[in-house]
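S.K.: I'll drop the sequence and a predicted model, then ask my questions.
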Amino acid sequence: MDLKTNQASPVLTDPAPIKKSRLGMKSSLLQHSSTFIMIPRKKPGKLDDVRSNGWLDAMKSSSPPRKKLIKDFNVEVASDDTDIAYFSWMLKYPSALNFFEQITNYAKNKKIAMFLDYDGTLSPIVDDPDRALMSDDMRSAVRNVANYFPTAIISGRSRDKVYDLEGLTELYYAGSHGMDIMGPLSHTVSDDPNCVDSNDQQGKEVNLFQPAREFLPLIDKVFRILVENTKEIKGAKVENHKFCVSVHYRNVDEKNWPVIAQCVHDILKGYPRLRLTHGRKVLEVRPVIDWNKGKAVEFLLESLGLSDKNDVLPIYIGDDRTDEDAFKVLREDNRGYGILVSPVPKETSAFYSLRNPEEVMKFLNTLVKWKNQEEAKCAIDSKRSM
């Protein structure tokens, strides 16, 4: 099938699920030519296209302006009228730090599993994605958490890139919004056709789960086309995250947002097997498969042998719209806690909130301290019973 001849508009929201296996999906293999392909250059179409189909509205709504923060009673609050709205919002999504005791009371006699986004959660949001580095203190906090609880990073970045930024071998990594997972070897999931046995950086046997493997040639092709067609838009940056492509417009003048949106729109017209989603000042091109961060959480829990809802408490901390799929999974049947990282009010399926990466680090450190205290109490009780 010549995908270029199909003029269907790109999908802006999650499509109806296609055929899938127990843990993933099952789609027909795409046929790709190995011959040399000329990268087309073309001017964007009518800008009315992206205005009428809601792309610009979605770009703006997913890219809230930064708020100047001030110190007030040792709490950071927005210095404009949004502080009242934020505190009202926190009545519905209270601080995970203020409600820490409630969280740990529920966690008693349960196995905690930690899931963490990277950008905006463990590292600050910066203009250059390559400079989104964790602080040494944050790295130490994440390492300490991983020493006590199974911990995974689930990011929109490529798995290799996240590992390079983290540098922690104690963690499990899921890149490309969960489409590239390196997790523990488990016979309960290793029979899935998208699972292959591999080795991690330490040579330990692990599962490599990639439900979109057949899309790799297509993703690479569209990445090269997007690079070529956006290179004259000042501030635009295109990244290949292996199973998805990110088009950053954080450094693009807002008056040129329609131009970059129309450029992506025109290119994706010919690729109905790809869809567009929105992150924080980023357009993300992904395969049309029934997979997201929520599915990745479920997969990792099963791989870790932690799928028993009554004995396990998953906690997911993230800041972006793509994390909402994981929040929804944990909210089902009160399965676990989603914690949204945001300094401004947002619609969310999370239970709790934190303002910024600094509060995330404080939460992680407090969790480790609580675990230490619990283990010390157990040791004392054990001696007394002897």
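M.R.: Received, thanks. Numbering: from 1, shown residues only.
S.K.: only C-alpha atoms for contact and neighbour calcs from this point on.
M.R.: Noted.
S.K.: what about the helix ranked longest in the chain, distance to the chain center?
M.R.: Counting residues, the longest helix found in the chain (DSSP state H) is helix 357-385. Chain-centre distance of helix 357-385: 28 Å, with CA atoms, centre = their mean, to the nearest Å.
S.K.: likewise for stretch 116-127?
M.R.: 10 Å.
S.K.: okay, how far is it across it, tip to tip?
M.R.: 21 Å (CA to CA, to the nearest Å).
S.K.: flag every buried residue along the longest helix of the chain.
M.R.: Pro357, Glu358, Glu359, Val360, Met361, Phe363, Leu364, Asn365, Thr366, Leu367, Val368, Lys371 (16 or more other CA atoms under 10 Å).
S.K.: how about stretch 91-102?
M.R.: Those would be Tyr93, Pro94, Ser95, Ala96, Leu97, for stretch 91-102 by 16+ other CA under 10 Å.
S.K.: what's the span of it from first residue to last?
M.R.: End-to-end distance (CA to CA), stretch 91-102: 15 Å.
S.K.: same deal with stretch 182-198?
M.R.: 8 Å.
S.K.: stretch 120-127 now?
M.R.: By CA to CA, one end of stretch 120-127 lies 12 Å from the other end.
S.K.: name the residues that touch that stretch?
M.R.: 116, 119, 132-135, 138, 250-251, 317-320, 341, 356-357, 360-361 (CA atoms under 8 Å, 6 or more residues apart in numbering).
S.K.: using the three-state scheme, assign Met182.
M.R.: strand (DSSP: H, G, I helix; E, B strand; the rest coil).
S.K.: and the spatially closest residue to it that is not a sequence neighbour, what pLDDT?
M.R.: In this structure, Met182 finds its nearest non-sequential neighbour in Leu208, 4.7 Å apart by CA to CA, 6 or more residues apart in numbering. Model confidence at Leu208, given as pLDDT, is 86.
S.K.: count the residues that sit near Val206.
M.R.: For Val206, the count of nearby residues is 20 (other CA atoms under 10 Å).
S.K.: tell me the bridge partners for it.
M.R.: Beta bridges link Val206 to Pro184, Ser198 when assigned by DSSP bridges.
S.K.: show me the contacts for Cys195.
M.R.: Val189, Asn207, Leu208, Phe209, Gln210.
S.K.: and of these, the nearest to Asn229?
M.R.: Gln210 (28.6 Å; CA to CA).
S.K.: in the sheet, who's paired with the nearest residue to that closest one once chain neighbours are set aside?
M.R.: Distances taken as CA to CA, 6+ apart place Asp180 nearest to Gln210, at 4.8 Å, with adjacent residues excluded. Following DSSP bridges, Asp180 is listed with bridge partners Gly175.
S.K.: give me the pLDDT value at Asp180.
M.R.: 95.
S.K.: where in the stretch 201-350 of the chain is pLDDT low?
M.R.: 201-202 (pLDDT under 70).
S.K.: and the strands in it?
M.R.: 205-209, 237-240, 245-248, 274-279, 282-287, 312-318, 337-341 (DSSP state E, counting those that start in this stretch).
S.K.: okay but Ser155 is in contact with Asp180, surely?
M.R.: No. Using CA atoms under 8 Å, Ser155 is not in contact with Asp180; the gap is 9.8 Å.
S.K.: in the protein, which residue is most central in space?
M.R.: The centroid of the chain falls nearest to Ser155 when counting by CA atoms, centre = their mean (3.9 Å).
S.K.: contacts only, for that residue.
M.R.: Taking CA under 8 Å, 6+ apart, we find Ser155 in contact with Asp117, Tyr118, Asp119, Val162, Ala174, Gly175, Ser176, His177, Gly178.
S.K.: that's all I had, so thanks and see you.
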